[in-house]
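In: need a structure here:
(chains A and B)
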Amino acid sequence: MRVQLILLIGLLLNSTVWANNEKEMQTLFEKYDAIVKYHEVEFVEEVFSQKFLKENGGKEEFVTKVLDSPKEKKPKKLKRILQSWKKGKVGKIIFAKVKDDEKSDPSQFVIVEENGKLKIDGTISDGH
Amino acid sequence: MKYLILLALAFPKFVHADLIAEENFEYIYELPRSETPEWPEELIDIKYVDYKRNTHASFCTRPTEMIDTIVLHHSETSSTTTALQINNYHLARGTANDPWYMIAYTYVINSPYAGGSIPKPLLTEGRPIEIVGAHAGSNAFIPMDEVQKKLWEEKKVLCGKENQVPTFDPSGVKNGKIKANFTTVGVVVNGNYAPYSKHNPGGYSKRSPRYPTDDTQDMIARLSCQLQKKYPRIKNIKWHNFYNATTCPGSIKSYIGKIKTIAKGYGCEFN
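Out: Below is the predicted model:
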């Protein structure tokens, strides 16, 4: 009985952590969507890692790249683009599958933790 | 126990995450291959590293006579990503139902973008060439030539896990066509050579497109030629989106003709 109770508490704690991460991931990709589609570039530093921004010429250059791309009209109800995500066992990386429309294959995003916050560190090519 | 079952029903995603956490990676330093290849002619230095592998994942081995094509990729990551990092990414990308064995590519090229000074040019071996790669797409099937047909009929391509007796898996051929991964070698250039899009935030901007520099093209040509001199059946250089709808390998695809011309200078001919 005691073992079952410990297991149950452990499972509940784990599921709470998972639910918090799920919420954080969902928010991250809502903000990502807002940047790349609706040009809400004020979220750039919240969404992308410093390493990613540096590799892309810095924040200003990245913002210019975003603003140069076509802007979409924001719908009343936002569509969930985050399909699934998983924590990798190696190197504390999180992988997220993001799919924007039915035609395209999901993009593979690499997420890292930076100062306690989840941030997008880039994408990785498909294959297999 | 009934609480556990109820929890599993209430949180199916959680149960899935828990299954993934059971993946177990082990260091095994002796790769399942005979030896480091001896090259008839060395046109480029190759660095060999020890990779962590997922011993729960299956893989296939092949005679090198199966291989006739080099397939070019870009990693879509930063150009400074190392081969070991790519290996970690690929191990981590696998799932409990579909674990990845190790780095999917056979060679990894690091070379700076135009005007850049990092990373230092470097060619690293990925998974050994005798192990079938995982790069062209598992649903890409292509015609076989007579040599490949014979090797397939002789059941020379065998699959299994480490420390298991490998077996012949007939699913590698469908309607007379073979999985592209079985007859190709995956070469990846680390970097993002595709344009920026909402699916590819690290892509290049219209104002400053990225392309493989002369040095990068030369590295690809040297490697391709060195491979052809050792494995003379390698006669083709293709690109990832020849097999699959993907943006990979970005602008590198437009330089394949030039790469073949450079390879000719080293004494190699590609179709």
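
In: Name the helix or strand for A:Glu35, please.
Out: Quick fix: residue A:35 is Ile, not Glu. Element membership for A:Ile35, per DSSP states H and E: helix A:2-38.

In: any idea of the mean pLDDT in that helix?
Out: What helix A:2-38 shows for mean pLDDT is 76.

In: And for stretch B:82-101?
Out: On average, stretch B:82-101 scores 88.

In: With only the CA atoms kept, save it in PDB.
Out: Written as PDB, here are the backbone C-alpha positions of stretch B:82-101 (Å, rounded to 0.1, in the frame of the first residue of the first chain):
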ATOM      1  CA  THR B  82      29.900  19.400 -34.500                       C
ATOM      2  CA  ALA B  83      29.500  15.900 -35.700                       C
ATOM      3  CA  LEU B  84      29.100  14.800 -32.100                       C
ATOM      4  CA  GLN B  85      26.300  17.300 -31.600                       C
ATOM      5  CA  ILE B  86      24.600  16.000 -34.700                       C
ATOM      6  CA  ASN B  87      24.900  12.500 -33.200                       C
ATOM      7  CA  ASN B  88      23.300  13.700 -30.000                       C
ATOM      8  CA  TYR B  89      20.500  15.400 -31.900                       C
ATOM      9  CA  HIS B  90      19.800  12.200 -33.900                       C
ATOM     10  CA  LEU B  91      19.900  10.000 -30.800                       C
ATOM     11  CA  ALA B  92      17.500  12.300 -29.000                       C
ATOM     12  CA  ARG B  93      15.200  12.600 -32.000                       C
ATOM     13  CA  GLY B  94      14.400   8.900 -32.000                       C
ATOM     14  CA  THR B  95      11.400   7.700 -30.100                       C
ATOM     15  CA  ALA B  96      10.600   4.600 -28.100                       C
ATOM     16  CA  ASN B  97       8.900   3.100 -31.100                       C
ATOM     17  CA  ASP B  98      11.400   4.400 -33.600                       C
ATOM     18  CA  PRO B  99      14.800   4.700 -32.000                       C
ATOM     19  CA  TRP B 100      17.700   6.100 -34.000                       C
ATOM     20  CA  TYR B 101      20.900   4.200 -33.900                       C
END
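
In: Briefly note if that stretch comes near chain A.
Out: Yes - with CB under 8 Å from any CB of the partner chain as the criterion, chain A is reached by stretch B:82-101 at B:85, B:88-89, B:91-93, B:95, B:100. For glycine as for every other residue, the C-beta is placed from the backbone atoms N, C-alpha and C.

In: Also stretch B:154-167?
Out: No - against chain A, stretch B:154-167 shows no contacts by CB under 8 Å from any CB, the least distance being 14.8 Å.

In: Identify the farthest-apart pair in the residues of stretch B:82-101 next to chain A.
Out: Of all pairs drawn from those, the greatest distance, 19.7 Å, lies between B:Gln85 and B:Thr95 (CB to CB).

In: Between those two, which is the more surrounded one?
Out: Using other CB atoms under 10 Å in any protein chain shown as the criterion, B:Gln85 and B:Thr95 rank with B:Gln85 on top: 20 against 14.

In: Give the helix, strand or coil label for the more buried one.
Out: Following DSSP: H, G, I helix; E, B strand; the rest coil, B:Gln85 is assigned to helix.

In: For residue 65, give me its contacts.
Out: You didn't pick a chain, so chain A it is. A:56, B:196, B:205, B:207 (CB atoms under 8 Å, 6 or more residues apart in numbering or on different chains).

In: wait, chain B
Out: If a contact means CB under 8 Å, 6+ apart, then B:Glu65 has B:147, B:151, B:231, B:233 as its contacts.

In: Report the separation between it and chain A.
Out: Distance of B:Glu65 to chain A, computed by CB to the nearest CB, to the nearest Å: 24 Å.

In: Thanks a lot, catch you later.
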